[in-house]
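S.K.: could you look at this predicted model? Sequence included:
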Amino acid sequence: MTTPVRHRAVAHLLGILALLVGLTACAGSDDRHVTVMVPWTAQDEFGAFYSVVKDFEHDTGIQIDVQVTRALTQQLDAAVTADAPPDLAVLPSPAAIARYAPGDLEPLDARTADSGAYLEPFRSLARVDDVTYAVPVKIDVKSLVWYDTTTTDRPRTRSTDALDRYARDGRLGWCLGLASGPTSGWPGADWIADIVLADAGPDVYAGWAAGRLPWTTAAVERAWSRWGDLVGAGTLGKASDEGFTEATRSMAEAKPACRLAHGARSALAAAVQKEPRFDFAGPADRAPLEVSGDFIGMFTDDNPAARTFVHYLSGARAQQKWVDAEGSAAFSARTRGIVYRNEARRRVAALLSPASGHPLCFGAADTMSPDTAAAFYRAVLDYADGGADVPKLMDRLQRVQSSLGAQQVRQDDICSDPG
């Protein structure tokens, strides 16, 4: 298990991460210490969070002891089972909130979590049985297609039909990598879900994501085939061995083999942080969007400093600091009070606005049980490798899902207008 380490000021973020991995001094949980488990190991993601931590420590004198781990779900499960959880932990999906609440997660009162300040569906997905158990600390839009404006003409929209014609006519390849450590396959899962959402609409999408419609539903099977046709056999065949970060770096380096990339801005930070060179093709008017988010939840009930930190993280000041941090690609779930300081980010944020007219639907894999999501990712890799046809993959995924019982995330909470 990762051991909490007290961060000191250091010259570089890599030094901070080295301390986290290499030292083993434990910090006790008391009214001046808060332990928090986070999954952010990349420099930009962790650096943005750490800038908020430093401000909080300066303002309050409370020490934040951070546990950094790429295997957050496994580490948190082990800590909870051993009755030694951190005070706080980042929950990377609504399924994780539903997994721990009620029971392991502590309810958050109105002062700790101002739930009325957040966009839907993030507000509803942080609640179980009308009780708030988590706060969204950063969010993003998955339904975007990024391109380099210096080498590539702007795609009209991100619809599958439009992109298929665009990529084929322009001989433009996709920057696609599916390898991503223990969650390899997720970039393809996000893309397949986005096709289901774009082609079949929010009702079918939410029914499938909540486990109410089977994997063998025609719209789901068709999305896999459409994804394969869109990307092309050559790109798909090598994608399972190529890292996601490395693939997006190819676009950042203007390599001619690929000119387009699908996904959230935060996931593509290695490429798009060089704005304004990079831009995105968005949705048609009022088309639904696939979104994602990280939440924070409380696992101890005897540390008031932890509640203070949650309240701070969800406030406009900390959210603005997080958005503004060097290298940050975060967006805020707050409905007002956040300013985005470049044009592309303002346009992404506008898609999330209640005035946009775009229904927001949480990423399908993030609403599924961890085992079902893992099977989804594995199936993506098998499909990319050419080892199974779509009907067989869907039968396999349906058997996995059926063996795990009903899903925990409510279908009605998965998609909503953002107001």
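M.R.: Alright, I've got the coordinates.
S.K.: what sits against Ala239?
M.R.: For Ala239, the residues meeting the contact criterion (Cβ atoms under 8 Å, 6 or more residues apart in numbering) are Leu176, Gly177, Leu178, Gly188, Val231, Ala247, Ala384. For the C-beta atoms, the positions are set from N, CA and C on the backbone; glycine is no exception.
S.K.: ditto for Val310
M.R.: With contacts defined as Cβ under 8 Å, 6+ apart, the neighbours of Val310 are Leu88, Leu108, Thr112, Ala113, Val135, Ile296, Met298.
S.K.: and Pro86, by the same measure?
M.R.: The neighbourhood of Pro86, defined by Cβ under 8 Å, 6+ apart, consists of Pro4, Thr35, Val36, Met37, Gln67, Leu76, Ala79, Phe299, Thr300.
S.K.: just the buried ones from the residues you listed?
M.R.: Burial by neighbour count, 16 or more other Cβ atoms under 10 Å: within those this picks out Pro4, Thr35, Val36, Met37, Gln67, Leu76, Ala79, Phe299.
S.K.: ok, so of those residues, who is nearest Tyr377?
M.R.: The shortest separation between Tyr377 and any of the buried ones among the contacts of Pro86 is 18.8 Å, and it belongs to Leu76 (by Cβ to Cβ).
S.K.: would JSON lines of the contacts of Val310 with neighbour count and distance to Arg212 be doable?
M.R.: Converted to JSON lines, the contacts of Val310 look like this (neighbours: other Cβ atoms under 10 Å; distance: Cβ to Cβ, whole Å):
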{"residue": "Leu88", "neighbour count": "28", "distance to Arg212": "32"}
{"residue": "Leu108", "neighbour count": "24", "distance to Arg212": "29"}
{"residue": "Thr112", "neighbour count": "21", "distance to Arg212": "33"}
{"residue": "Ala113", "neighbour count": "27", "distance to Arg212": "29"}
{"residue": "Val135", "neighbour count": "28", "distance to Arg212": "28"}
{"residue": "Ile296", "neighbour count": "24", "distance to Arg212": "29"}
{"residue": "Met298", "neighbour count": "27", "distance to Arg212": "30"}
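S.K.: among those residues, which pair sits farthest apart?
M.R.: The farthest-apart pair in those, when distances are taken by Cβ to Cβ, is Leu88 and Ala113, at 12.2 Å.
S.K.: helix or strand: which one has the closest residue to Thr216 other than its chain neighbours?
M.R.: With Cβ to Cβ, 6 or more residues apart in numbering as the criterion, Thr216 has its nearest non-adjacent residue at 4.9 Å, and that residue is Met394. Under DSSP states H and E, the secondary-structure element containing Met394 is helix 390-404.
S.K.: what residues sit buried inside the helix or strand that that helix is followed by?
M.R.: On the C-terminal side of helix 390-404, the nearest following helix or strand under DSSP H and E is helix 411-414. Within helix 411-414, the residues that count as buried by 16+ other Cβ under 10 Å are Gln411, Asp413, Ile414.
S.K.: what is helix 411-414 packed up against?
M.R.: Packing contacts for helix 411-414, counted by 3 or more Cβ pairs under 8 Å, 6 or more residues apart in numbering; DSSP states H and E, involve helix 122-125, helix 202-209.
S.K.: neighbouring strands for the helix or strand just after that helix, and are they parallel or not?
M.R.: The C-terminal neighbour of helix 411-414 among helices and strands, as given by DSSP H and E, is strand 415-416. Applying DSSP bridges, strand 415-416 is found paired with strand 360-362 (antiparallel).
S.K.: what mean pLDDT does the partner strand get?
M.R.: Strand 360-362 shows a mean pLDDT of 96 in the predicted model.
S.K.: remind me what the helix or strand following that strand packs against, helices and strands.
M.R.: Beyond strand 360-362 on the C-terminal side, the first helix or strand identified by DSSP H and E is helix 364-367. Contact partners of helix 364-367 among helices and strands, from 3+ Cβ pairs under 8 Å, 6+ apart: helix 94-100, helix 186-200, helix 202-209, helix 370-384.
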